[in-house]
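Asker: Have a look at this prediction, sequence included:
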Amino acid sequence: MPQSQRFLAALEANGYDWFGGVPCSLLRGVIRRFDNEPRWGYVSAVREDSAVGLAAGAAMAGRQPVVFMQNSGLGVCVNALVSLNAIYEIPSLLVISWRGEGGKDAPEHIVMGDIMKPMLDLMNVPSRVLSADTLEDDVAWTAATIRETRLPAALIVPKGILDAAS
């Protein structure tokens, strides 16, 4: 089974049922599935903070939201995550592509790649790096963490995990 399909199956098996965000090439396998399979109801947002706000509304309506973004988008949505999700205990899974991992990418991606994990830690957003070997366990960990804390948690996606549709 393709990794993007495995990932979506794991999300669904763990109760995630609302999907939105801003596309990134490192997430293109999943985004292509969303585009090709309307059953997912993916909401494409113009900015990451808008996606976080939409996901907050979905959570308040009883859904389990997932927000997809590039790590540069994490910087865009810091205020929403801190002043909305954290204060009002609004859970959401953040799926964040790891642009700049290992110092290989455009300069702006390298900087964000270096500070992404410390930013998540500073905002008290628990995170885990998604691995092909532990994909289902990683998704299950996020679901358990979110249920326990009622706050966002993040999966950091390295290059090569979710960027192919097949």
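Answerer: Everything's here; your move.
Asker: Would you point out which residue is most central in the chain?
Answerer: Compute the mean C-alpha point of the chain, and by CA atoms, centre = their mean the closest residue is residue 95, 1.4 Å away.
Asker: Excluding chain neighbours, give the residue nearest to that residue in space.
Answerer: residue 68 (4.8 Å; CB to CB, 6 or more residues apart in numbering). Glycine gets a C-beta too; all of them are placed from N, C-alpha and C.
Asker: so that neighbour sits in a helix?
Answerer: No - Residue 68: not assigned to a helix; according to DSSP: H, G, I helix; E, B strand; the rest coil it is strand.
Asker: For it, give me its contacts.
Answerer: With contacts defined as CB atoms under 8 Å, 6 or more residues apart in numbering, the neighbours of residue 68 are 19, 20, 21, 22, 23, 24, 27, 30, 31, 51, 95.
Asker: Counting only helices, which of those residues make the cut?
Answerer: Of the contacts of residue 68, the ones assigned to helices by DSSP state H are 30, 31, 51.
Asker: Need the nearest residue in space to the second one, chain neighbours excluded.
Answerer: I take that to be residue 31. residue 23 (4.8 Å).
Asker: wait, the one you found sits on residue 29?
Answerer: No - the criterion here is CB atoms under 8 Å, and residue 23 misses it with residue 29 at 11.2 Å.
Asker: pLDDT below threshold where in the protein?
Answerer: For the chain, applying pLDDT under 70 flags the ranges 165-166.
Asker: what about the strands in it?
Answerer: 18-21, 43-44, 65-70, 93-97, 127-129, 153-157 (DSSP state E).
Asker: For the fifth one, buried residues please.
Answerer: In other words, strand 127-129. 127, 128 (16 or more other CB atoms under 10 Å).
Asker: With the third one instead?
Answerer: The neighbour-count check on strand 65-70 (16+ other CB under 10 Å) flags 65, 66, 67, 68, 69, 70 as buried.
Asker: That strand vs strand 153-157, what angle?
Answerer: 40 degrees (axes from the mean of the first three to the mean of the last three CA atoms, to 10 degrees).
Asker: Strand 65-70 pairs with which strands?
Answerer: Strand 65-70 sits in its sheet next to strand 18-21 (parallel), strand 93-97 (parallel), going by DSSP bridges.
Asker: Go ahead and name everything in contact with the longest one.
Answerer: Read that as strand 93-97. Outside strand 93-97, the residues that reach it (CB under 8 Å, 6+ apart) are 11, 16, 21, 24-27, 30, 64-71, 73-74, 116, 125, 127, 130, 142-143, 146, 152-157, 162.
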